[in-house]
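>>> Give the three-dimensional model of this entry:
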Amino acid sequence: MKTKWMCMIFMLALALNLSACGNRQENRNSFENETIKMEPQSEEDYLSENTGNESSDINVINLQDNGTDKKIMEVGTVKDAAFSGKVGGCYYAGGNRIIVEADKLYLYDTGKGETIASADISMGDLCVQTYADGYFVVGQRNGSGGNSNSSFATSESSSGINGYILNKDFAIQDTISFSGLLSDDFILQTTGIAISQDGKQIAFGGFQGLYLYDISSRKVRTILNYSEEGTADKMQIVTMDSLAFTGNNTLVYAGMAVDASNGGDGFSVYGTVSIDSADLTITKKADYKMDIEEVQKGGNSLIMPQSFDKNNGTLLMLDIASNTEKTMSFSSRSEGKDGIYCSGQGKYVATSILEENSVTIKIYDMASGKSIHTETVQDNNSTYFLRVPQILILDETDTCIVVLGRGIDEVSTLITTFDFEG
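From the prediction side, this is the model:
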């Protein structure tokens, strides 16, 4: 009888143990597959006109190059509750700081997870640049935005391209209406405006020429008239759509040119121009059509993505210090058509690959050209993946920020971040 009871106790213990193992396994599997809840802006900040987020679950999945899911992670470096209104974009501001565009501009510290300062600026088609003493923000004035107490009064009432100079504390120092600076020309786009690193000069491209604005004297002079001085190597400049200072006296540009002898169809080019002597170089890359509006500067590198219709998985880059070309090949020929992004200091390049309910971000080391990290962001609302996302890479902290839905009115903006090993 004792033996029988011992056997019954043993069998009962074994059954309980197996049941407990099964529960632990179920709980472990449930944890490993837990979706990350990324809250959109609160109802107080962004009201019910954006109804596409009622059941939005963001998965952030780290993938190694062998395609195996390794971990699901959440890195809360950007808190949506810190901003009011729909987030329209995030921009590199040096170190672990970013500038967030919402109802106004916010200077945000991703390390502390908090807003440092804000500026009453509201514009569209925003471009943000850093310089030695602060920040330069340029965009299309939307009529209601901007600061009416700026130090530089202009004749522009509500529209056109405006620029704001802010110090390191994010206080507005000056406002410039670029559309009001020229009487017989007009500026094409915000990417064709650049501030020098010493903060003394701003170069901008118009329909007829290239100009320089002296911030101290508030005077404009013509650097280059395209029809008279814009010819080199049998090519003539038509537009300079993207500009960046390589020093205080030299500009690098990307734009369009035509054959100097017979005109014809335009083609994409890049080159340099001296603001002192107007010395001009023009380079056409054979079999490579640039998307001139997507040219980006990171550190001493200028990256020049291919046009969507000519994409073949390669990227043209220019070392602006040595004026030498370099080409990077991505993992597949289809990469690049959904967006290419350069980090602020030029250490990394990222691509995005859009699917119906996800976007995969691949990060490459710019020096070696090697793929170093792959991350997939998933959501059950496919609306977020109808447009190319905004991706921001912070070199100093090896952090990537993914902004989804910023240009889609039907949904509020979702921001997620992840770390990677550089």
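
>>> Please, where are all the helices along the stretch 151-300 of the chain?
Applying DSSP state H, counting those that start in this stretch to the stretch 151-300 of the chain gives helices spanning 226-229.

>>> quick one, strands of it?
Across the stretch 151-300 of the chain, reading from the start of the chain, the strands by DSSP state E, counting those that start in this stretch fall at 161-167, 172-177, 193-195, 201-205, 209-214, 219-225, 231-232, 235-245, 250-259, 263-274, 296-298.

>>> Also the stretch 301-422 of the chain?
Under DSSP E, counting those that start in this stretch, the stretch 301-422 of the chain gives strands at 301-304, 314-319, 324-329, 340-342, 348-354, 358-365, 371-379, 390-394, 399-404, 414-419.

>>> okay if I get these as JSON lines plus distance to K86?
(C-beta placed from N, C-alpha, C; glycine too.) Listed next are the strands of the stretch 301-422 of the chain as JSON lines, based on distance: least, CB to CB, whole Å:
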{"stretch": "strand 301-304", "distance to K86": "28"}
{"stretch": "strand 314-319", "distance to K86": "31"}
{"stretch": "strand 324-329", "distance to K86": "34"}
{"stretch": "strand 340-342", "distance to K86": "21"}
{"stretch": "strand 348-354", "distance to K86": "21"}
{"stretch": "strand 358-365", "distance to K86": "19"}
{"stretch": "strand 371-379", "distance to K86": "17"}
{"stretch": "strand 390-394", "distance to K86": "13"}
{"stretch": "strand 399-404", "distance to K86": "11"}
{"stretch": "strand 414-419", "distance to K86": "11"}
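
>>> To S84, which of the ones you listed lies closest?
S84 lies closest, by CB to CB, to one member of those: strand 414-419, at 14.6 Å.

>>> and the strands of the stretch 301-422 of the chain, which is most packed in?
Among the strands of the stretch 301-422 of the chain, ranked by average contacts under mean count of other CB atoms under 10 Å, first place goes to strand 340-342 (a mean of 25).

>>> That one: partners in the sheet, and parallel or antiparallel?
strand 348-354 (antiparallel) (DSSP bridges).

>>> so where's the stretch 51-200 of the chain uncertain?
Regions of the stretch 51-200 of the chain meeting the criterion pLDDT under 70 cover residues 51-77, 142-159.

>>> one more time with 50, if that's ok
Counting by pLDDT under 50, the stretch 51-200 of the chain shows low-confidence ranges at 51-56, 64-76, 144-158.

>>> related to what we said a few turns ago, put together JSON lines for the strands of the stretch 301-422 of the chain, with mean pLDDT on each row.
Written out in JSON lines, the entries for the strands of the stretch 301-422 of the chain read as follows (pLDDT from 0 to 100):
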{"stretch": "strand 301-304", "mean pLDDT": "95"}
{"stretch": "strand 314-319", "mean pLDDT": "95"}
{"stretch": "strand 324-329", "mean pLDDT": "94"}
{"stretch": "strand 340-342", "mean pLDDT": "97"}
{"stretch": "strand 348-354", "mean pLDDT": "97"}
{"stretch": "strand 358-365", "mean pLDDT": "97"}
{"stretch": "strand 371-379", "mean pLDDT": "96"}
{"stretch": "strand 390-394", "mean pLDDT": "96"}
{"stretch": "strand 399-404", "mean pLDDT": "96"}
{"stretch": "strand 414-419", "mean pLDDT": "93"}
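
>>> Please identify which of those is closest to D279.
Taking CB to CB as the criterion, strand 314-319 is the member of the strands of the stretch 301-422 of the chain that comes nearest to D279, at 17.3 Å.

>>> So which residues make contact with the closest one?
Residues from elsewhere that reach strand 314-319, judged by CB atoms under 8 Å, 6 or more residues apart in numbering: 252, 270, 285, 288, 290, 300-306, 324-330, 336, 340, 349, 366.

>>> do stretch 364-375 as well
With CB under 8 Å, 6+ apart as the criterion, stretch 364-375 contacts 60-65, 298, 301, 317, 328-331, 342-343, 346-351, 360-363, 400, 418, 420-422.

>>> Alpha carbons of that stretch, as PDB, please.
Listed next in PDB are the C-alpha coordinates belonging to stretch 364-375 (Å, rounded to 0.1, in the frame of the first residue of the first chain):
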ATOM      1  CA  TYR A 364      25.800  50.700 -43.900                       C
ATOM      2  CA  ASP A 365      29.200  51.900 -42.700                       C
ATOM      3  CA  MET A 366      30.200  54.600 -45.200                       C
ATOM      4  CA  ALA A 367      34.000  54.000 -44.900                       C
ATOM      5  CA  SER A 368      33.800  50.300 -45.600                       C
ATOM      6  CA  GLY A 369      30.600  50.100 -47.500                       C
ATOM      7  CA  LYS A 370      29.500  47.100 -45.400                       C
ATOM      8  CA  SER A 371      26.000  46.500 -44.100                       C
ATOM      9  CA  ILE A 372      26.200  46.600 -40.300                       C
ATOM     10  CA  HIS A 373      22.600  46.500 -39.100                       C
ATOM     11  CA  THR A 374      19.100  45.600 -40.300                       C
ATOM     12  CA  GLU A 375      15.900  46.600 -38.500                       C
END
